[in-house]
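Engineer: kindly return the folded structure for what I paste below:
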Amino acid sequence: MDIKLTEAEKIKILNSDDIYGIMQKVLLRESKIDQNREHFWIIGLENNNRILFIELISLGTVNATLVEPMEVFSLALQKRAVKIVLCHNHPSGELTPSDNDKNLTDRLIQVGIIVNTHVIDHLIISDKSYMSFKNIGLLEELEKSKRYVPKYVLEEQIKKEMSKIIEKNRNIEIAKQLKRKGVDNETIIFATGLTIEEVKKLRVKRM
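Structural biologist: Presented below is the predicted three-dimensional model:
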């Protein structure tokens, strides 16, 4: 369900306080009907962080809501959002994220990476306060998670890392050969891409 916003509410988001300022009003409007149920919204943003839309994705029970990644990102892509913020309420007022909250955020982060529509925060809100995954460092922690990363993506990442290691070792061997011949450090750095510290650490016997 699309949440109707005034032009004044289609603000440029600078921080989580800005998001909460809008979502608190949305929650108070919707809570008149379903005040004891969890609501899950996504906020679509333009590249400059201006709000494109706010959409209610799911209306759950007292302590849970069902959200499918396909619903979240099909909508975001249709409306040309470059990035999204996740937001849901806890009717109890308790703002600590549950394991389900963390797992869902983890899944949506990974899907967002694949479709190039990044999740930049997740807010848990009540009518009085909020908690931001980004502010407490949880978003960054989940971005590093491999739990929901597709196998083919992990394989590509491993291949890239292995290629970097092989390339680095090759450049080190070239640097050693050049150093044995008495080539100056600046030339070695230019030829191999190694840092000055890495070149200075090389121990070789000159020819």
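Engineer: could you use CA atoms for every contact and neighbour count after this?
Structural biologist: Noted.
Engineer: count the residues that sit near residue 14.
Structural biologist: 11 (other CA atoms under 10 Å).
Engineer: renumber starting at 13 from here on
Structural biologist: Got it, first residue is 13 now, which makes that one residue 26.
Engineer: I'd like the distance between it and residue 57.
Structural biologist: 11 Å (CA to CA, to the nearest Å).
Engineer: what does residue 51 give?
Structural biologist: In terms of CA to CA, residue 51 sits 19 Å off from residue 57.
Engineer: one more: residue 48?
Structural biologist: Taken as CA to CA, the span from residue 48 to residue 57 is 28 Å.
Engineer: the two: which is more packed in?
Structural biologist: residue 57 (26 against 16).
Engineer: run through the bridge partners of that one.
Structural biologist: Going by DSSP bridges, residue 57 is paired in beta bridges with residue 63, residue 95.
Engineer: please tell me I have it right and it contacts residue 65.
Structural biologist: Yes: with contacts counted by CA atoms under 8 Å, residue 57 reaches residue 65, the gap being 7.3 Å.
Engineer: contacts only, for the spatially closest residue to residue 131 that is not a sequence neighbour.
Structural biologist: Of all residues not flanking residue 131 in the chain, residue 96 sits nearest, at 5.0 Å (CA to CA, 6 or more residues apart in numbering). Residues in contact with residue 96 (CA atoms under 8 Å, 6 or more residues apart in numbering) are 54-57, 88, 129-133.
Engineer: farthest pair in those?
Structural biologist: Pairwise distances among these were taken by CA to CA; the largest, 14.9 Å, belongs to 88 and 133.
Engineer: if I look at the closest residue to residue 56 other than its chain neighbours, how far off is residue 181?
Structural biologist: Counting by CA to CA, 6+ apart, residue 56 lies nearest to residue 96, which is 4.7 Å off, once chain neighbours are set aside. Between residue 96 and residue 181 the computed distance is 40 Å (CA to CA).
Engineer: can you check residue 25 too?
Structural biologist: Distance, residue 25 to residue 181, by CA to CA: 45 Å.
Engineer: these two - which one has more neighbours?
Structural biologist: Higher neighbour count among residue 25 and residue 181: residue 25, with 15 against 12, using other CA under 10 Å.
Engineer: the closest residue to residue 134 other than its chain neighbours: neighbouring residues, count only.
Structural biologist: Closest residue to residue 134 apart from its sequence neighbours, by CA to CA, 6+ apart: residue 98 at 4.4 Å. For residue 98, the tally of surrounding residues (other CA under 10 Å) stands at 21.
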